[in-house]
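Engineer: Take this sequence and fold it.
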Amino acid sequence: MIITKAPFRMSFCGGGSDLAAHYEKHGGAVVSTTIDKFIYLSLHPYFFENKLLIKYSKTEHVDNINNIEHPIIREVFKKYNINGVDFNSISDIPAGTGLGSSSAFTCGLIQLCNAYSELYITKEEIAEEACRIEIDVLKEPIGKQDQYASACVGLNYFEFQPNGEVLVERLFLPSDGCNKLANNLMLFYTGDSRLAGSILTEQKKNMLEGNTTEAILKMVKLAKDLKNELLNNNIDALGEILHQGWTYKKELAGNISSGSIDSYYDLAVKNGAVGGKLLGAGGGGFLLFYVKEENHKRLRQAMKDLKELNFKFDNKGTEIIYYNR
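Structural biologist: Alright, predicted model coming up:
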């Protein structure tokens, strides 16, 4: 049996600039970090029959790779010619909540299939292959940040070049700055999950028509500003940058926010949050806030209707955690 785990990500600013419709013309940049919430994937030889037993939110039992319904599993298994296996998926967090679960799944699966095939692959190669599968093969209307965030390690600044290349810069903070960053972030689940595709499709359309270029360029500048502020150990700058980025993000598509989400955001700001954002494409999922520690209790009480998710930062990225062939 082989088991991999791939972390979910928390994006601070620059989201949207990782879509080809933008970066191929203007370049892009994102600052994000991985957290200690994971998707766990396992492969074990299926001894009883030369079939595929596949278990995720549903169970598939098929004779041929091409008959697999799950598109990511089908395409990754085809690439590595995976047959006669029992595959399982377990996740800490539901899909569609803005933490990059789909790309974490793809990265973990690519790492898993390479290990099963006794091949070696770097973290950057995992990310690029995940982008190829999701964007080029499956034609998902998504960008590249989630794949690189899950495959690579920790707090990163990603630059998306017009030629499609992704530059990865690990942001190393002093220990006091890293602790302050982790301690001043709070995450609340809105109770709504969503498929990012419809939001991102509208976002891509608006980009191609030039309607959102100015807003995304401002978001990219915020990502560059945040990188510099963090490297200078000015952690408190994140609060205002999150707030500015959220105002720009809502200009990208009509269904990114909602009345309910705006109400929770306003309530948080009135109760100690310096700034925040809805993680992911929008429409639902997790609200992230930058809150100084002395205001945590006050905000927690104000947001009592929402489930809080406690987390720590992850510093390993996609990895093999069990190998026994």
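Engineer: need the helices for the stretch 151-300 of the chain, in chain order.
Structural biologist: For the stretch 151-300 of the chain, the helices defined by DSSP state H, counting those that start in this stretch occupy 175-183, 196-208, 213-231, 237-249, 259-270, 296-302.
Engineer: Can you add mean neighbour count and distance to F289 and give those back as CSV?
Structural biologist: Using the backbone N, CA and C atoms, a C-beta is placed for each residue, glycine as well. Converted to CSV, the helices of the stretch 151-300 of the chain look like this (neighbours: other C-beta atoms under 10 Å; distance: least, C-beta to C-beta, whole Å):
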stretch, mean neighbour count, distance to F289
helix 175-183, 15, 13
helix 196-208, 19, 21
helix 213-231, 19, 16
helix 237-249, 20, 8
helix 259-270, 15, 5
helix 296-302, 15, 7
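Engineer: Comparing those by mean pLDDT, which bottoms out?
Structural biologist: Among the helices of the stretch 151-300 of the chain, helix 196-208 carries the lowest mean pLDDT, a mean of 57.
Engineer: nearest residue to V274 other than its sequence neighbours?
Structural biologist: G239 (2.7 Å; C-beta to C-beta, 6 or more residues apart in numbering).
Engineer: residues touching that neighbour, list them.
Structural biologist: 184, 273-275, 290 (C-beta atoms under 8 Å, 6 or more residues apart in numbering).
Engineer: Could you do H296 as well?
Structural biologist: Each residue near H296 by C-beta under 8 Å, 6+ apart is listed here: 186, 272.
Engineer: One more: the one 4 residues further on?
Structural biologist: Going by C-beta under 8 Å, 6+ apart, R300 touches 186, 308.
Engineer: go on, the one 3 residues further on?
Structural biologist: Residues in contact with M303 (C-beta under 8 Å, 6+ apart) are 188, 264, 267-268, 271.
Engineer: cutoff 7 Å now
Structural biologist: By C-beta atoms under 7 Å, 6 or more residues apart in numbering, M303 lies in contact with 188, 264, 268.
Engineer: and which of those is nearest to V62?
Structural biologist: F188 (39.4 Å; C-beta to C-beta).
Engineer: pLDDT score for that closest one?
Structural biologist: 96.
Engineer: Could you measure from it over to Y265?
Structural biologist: Distance from F188 to Y265, counting by C-beta to C-beta, to the nearest Å: 10 Å.
Engineer: Now the common contact residues for these two.
Structural biologist: Joint contacts of F188 and Y265 (C-beta under 7 Å, 6+ apart) are L287.
Engineer: Determine the number of other residues adjacent to D136.
Structural biologist: Counted with other C-beta atoms under 10 Å, residues neighbouring D136 total 9.
Engineer: did I read that right, it in a helix?
Structural biologist: Yes. Checked against DSSP: H, G, I helix; E, B strand; the rest coil, D136 lies within a helix.
Engineer: Enumerate every residue touching it.
Structural biologist: If you count contacts by C-beta under 7 Å, 6+ apart, D136 has none.
Engineer: Give me the buried stretch members for stretch 167-176, please.
Structural biologist: Neighbour-count burial for stretch 167-176, counted by 16 or more other C-beta atoms under 10 Å, picks out 168, 171, 173.
Engineer: which one of those residues sits closest to E251?
Structural biologist: For the buried residues of stretch 167-176, the residue nearest E251 by C-beta to C-beta is L171; the value is 26.8 Å.
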